[in-house]
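>>> Structure for this input, please:
(one chain, ligands or ions: 2)
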Amino acid sequence: MIVLGIETSCDETAVAVLDGDEIRSNLLSSQTDLHARFGGVVPELASRAHLVSLNILMAQALDEAGVSYGDLDAIAVTIGPGLIGALLVGVSAAKALAASLDIALIGVNHLEGHVEAAFLERPDLATPLIALIVSGGHTMIARVPRRGRYEILGQTIDDAAGEAFDKIARYIGLGFPGGPEIDRLARSGDPKAYAFPRAKMNDDDLDFSYSGLKTAVIRWIRERQDAGEDIDAADLAASFQEAVVDVQVAKTLRAAEQHGINTIVIAGGVAANSRLRARMRDEGEERGIDVVTPTALLCTDNAAMIAVAGARRLANGERTPLDVSASPNLALA
Ligand code: KG4
Ligand code: ZN
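Ligands and ions are numbered 1, 2, ... in the order given. A predicted model of the protein is given here:
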């Protein structure tokens, strides 16, 4: 079964070819430079860049995989959530391809794609599992009783985790996206240097909140600056990151414990964070929990994760009608 995956929900144009469990190609045309000077993703620019890149990238992905359009069994495409104009570029291309090749179209939820990245590395991974989904637009903990089924146990009540990383990074003058920059800077810092709040850490629920942390960090920086004190940027990055990671690790482990589940998957762009990956693995291991941390390139947006999610739905006999619409607020259900 050869599936072409297409992902254009935000600022990465991505195309992959998946052959069974094997990733034959997984290409990305990043728009980071395009958006960097605006400090965030500009939706109109994202759509235009997808239009320019997608056809070329599809040809390259097929070429690298050593297959032609006629070899494809299905097209899997992200139908939401995401930016409407950006999603439409991928969805329109996927529909046109599926119709002209007379093959199956599978619409994939972007968040399901993030979770399914775990199965690219561990095809035999068993369910049930607990998924921590942390990206630029979403932050949630889900129980996955079996592949393709999700029960949301908790989520952010304000900002997404990635958004918090990006906002703090921008405030302290780091580049966009801020997550990788903070991760890098934090490696030479002391995570205990400054004590920032761990919002909702001890609440009974499995929800998250980052707006208080963001405000606390910004207020703290201003006070130091007003007092003429030096701030160690690496210590600041490490301390902020630790506050985020502490709550994520605690709540994900608690979810696993509450539901008697001993497999955890971390998913989404923030799951590329080196501190989160290490802490989650170490603390999971102490409790006999199998923690799956897909390689960083499979955590951030990519099309292999869309292809694997589509392939599983296809194997389940599912098909998406060709009149499907892109759905910017699509829920994970
Ligand atoms: O999943 P993703 O690639 O796109 C969305 O679906 O949103 O996630 C992007 C987010 C950005 O906020 C980015 O700063 C964050 O993931 N991110 C990281 C790291 N790499 C990407 N955050 C913390 N540490 C990282 N290493
Ligand atoms: Zn994503």
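
>>> hey, where'd the helices end up in the stretch 151-300 of the chain?
161-171, 178-186, 211-226, 233-258, 274-286, 296-299 (DSSP state H, counting those that start in this stretch).

>>> elements contacting the least confident helix or strand in the chain by mean pLDDT?
For the chain, counting by mean pLDDT, DSSP states H and E, helix 32-36 ranks last in confidence among helices and strands (a mean of 92). In terms of contacts (3 or more C-beta pairs under 8 Å, 6 or more residues apart in numbering; DSSP states H and E), helix 32-36 is packed against helix 43-65. All C-beta atoms are positioned from the backbone trio N, CA, C, and that covers glycine.

>>> Show the subsequent helix or strand relative to the helix it packs on.
strand 74-80 (DSSP states H and E).

>>> From the rest of the structure, what touches stretch 250-266?
115, 118, 125-132, 134, 141, 143-144, 153-154, 200-201, 206, 208, 276-277, 280, 283-284, 287-294, 299 (C-beta atoms under 8 Å, 6 or more residues apart in numbering).

>>> Let me have the helices of the stretch 151-300 of the chain in JSON lines, adding mean pLDDT, distance to ligand 2 and mean neighbour count as columns.
Formatted as JSON lines, those follow (pLDDT from 0 to 100; distance: least, C-beta to the ion, whole Å; neighbours: other C-beta atoms under 10 Å):
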{"stretch": "helix 161-171", "mean pLDDT": "96", "distance to ligand 2": "8", "mean neighbour count": "23"}
{"stretch": "helix 178-186", "mean pLDDT": "98", "distance to ligand 2": "12", "mean neighbour count": "22"}
{"stretch": "helix 211-226", "mean pLDDT": "96", "distance to ligand 2": "20", "mean neighbour count": "14"}
{"stretch": "helix 233-258", "mean pLDDT": "98", "distance to ligand 2": "16", "mean neighbour count": "21"}
{"stretch": "helix 274-286", "mean pLDDT": "98", "distance to ligand 2": "15", "mean neighbour count": "17"}
{"stretch": "helix 296-299", "mean pLDDT": "98", "distance to ligand 2": "9", "mean neighbour count": "19"}
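
>>> now those helices in TSV, with distance to ligand 1?
What follows is those, written out as TSV (distance: least, C-beta to the nearest ligand atom, whole Å):
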stretch	distance to ligand 1
helix 161-171	2
helix 178-186	2
helix 211-226	13
helix 233-258	7
helix 274-286	6
helix 296-299	7
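
>>> Can you tell me how far Pro197 is from Arg254?
18 Å (C-beta to C-beta, to the nearest Å).

>>> Likewise for Ser25?
From Ser25 to Arg254 the distance is 39 Å (C-beta to C-beta).

>>> And Val324, by the same measure?
Using C-beta to C-beta, one gets 37 Å for the distance from Val324 to Arg254.
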